[in-house]
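K.L.:
need a 3D model of the following:
(one chain, ligands or ions: 1)
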Amino acid sequence: MLVRSERERSAVDTPARTREEAPSQPAGRCRLDSRAVSPVDKVADGVYRLGTDWVGWYLYEVDAAVTVVDCGFSGYFEQLPAALAELGRSMGDVVAVVLTHYHADHVGSAERIRTETGATVFAPADDAAGIRSGKVPIPAGMAPNLWRPRMMRYMAHAVRNGGAKMTPVGKVQTFSDGELLEVPGGLRAVHTPGHTGGHCSLLAEAAGVLFAGDALAMVSFLSGETGPQLLPFHEDAGQARESLSRLEGITAGVMAVGHGAPFEGTPGEAVARALARA
Ligand SMILES: [Zn+2]
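P.N.:
Down below sits the predicted model:
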């Protein structure tokens, strides 16, 4: 199985892959285009990261059944069958798609995956209307920052990858705070509002992985600085900050986020570091 851990991967030279833009990360960590990535990045046993350096999405595999956690941009879709093939799986093994919130860089190809595989799409109750309609507000603080060079590069990447238009999801099953989602291995929902009203983080207890979505990020959209941090764009920034207290006590060894590399440490450590720099 051609799967390497994040640590092993970072030890090798820059992969032979054409890049859209100059690297802003150390050699071996740069991935700015959305073509299929081989080998797939292993985050923990049964958990794999797809996506780019801009946006991550995840596979959570238990007993040969695969749950997709967030979907990146719709243009990332081709990464899915390629990654599944590398893991010895196929689209038919995808049983669920779980979304942390309603933004286009997370909902991505959820509808396509649903219709092609029959997977159940799970959505946080308070964000479900936006996921069903495809109409969601732009987070406060985003527009005034669009002039920044790094934001311009991100927006160009978003447009190239279908982020300007969200495909509504035809059928979703909603979930709320504290609920244990019925996906293989289970995922515990932790309501972490602020970035959006419905935003939920998801705990894969057996794998020791917290999927934090956009409750925390590992890279700055504005400066490119890495490490645990709050995003600069939230519907309610105060609430996003308060929601960090909901992550602090969670037992997990890795925190996988929507933006940036996974954090290898506990959510409590990540929160402390994010608050220290805020
Ligand atoms: Zn978001």
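K.L.:
how far away is Met226 from Ala261?
P.N.:
One thing to correct before we go on: residue 226 is Thr, not Met. Counting by Cβ to Cβ, to the nearest Å, the gap from Thr226 to Ala261 is 7 Å. The C-beta positions use only the backbone N, C-alpha and C, and glycine is treated the same way.
K.L.:
oh sorry, the question was meant for Ser176
P.N.:
30 Å.
K.L.:
same check, this time on Met166
P.N.:
Met166 is 26 Å from Ala261, by Cβ to Cβ.
K.L.:
the more surrounded of those two?
P.N.:
Taking neighbours as other Cβ atoms under 10 Å, Met166 and Ala261 compare with Met166 leading, 24 against 20.
K.L.:
who touches that one in this structure?
P.N.:
Met166 makes contact with 104, 107, 134-136, according to Cβ atoms under 8 Å, 6 or more residues apart in numbering.
K.L.:
ok, Thr117 - contacts?
P.N.:
Thr117 neighbours (Cβ under 8 Å, 6+ apart): 91-92, 94-95.
K.L.:
change it to 7 Å
P.N.:
91-92, 94 (Cβ atoms under 7 Å, 6 or more residues apart in numbering).
K.L.:
can you tell me how far the spatially closest residue to Met91 that is not a sequence neighbour is from Ser109?
P.N.:
Of all residues not flanking Met91 in the chain, Thr117 sits nearest, at 5.1 Å (Cβ to Cβ, 6 or more residues apart in numbering). Plainly put, Thr117 is 11 Å away from Ser109 if you go by Cβ to Cβ.
K.L.:
for Ala82, same thing?
P.N.:
13 Å.
K.L.:
more neighbours: the two, which one.
P.N.:
Ser109 (24 against 15).
K.L.:
show the model's pLDDT score for the closest residue to the more buried one other than its chain neighbours.
P.N.:
Spatially, and ignoring its direct neighbours in sequence, Ser109 is nearest to Phe77 (4.1 Å; Cβ to Cβ, 6+ apart). Phe77 is assigned a pLDDT of 97 by the prediction.
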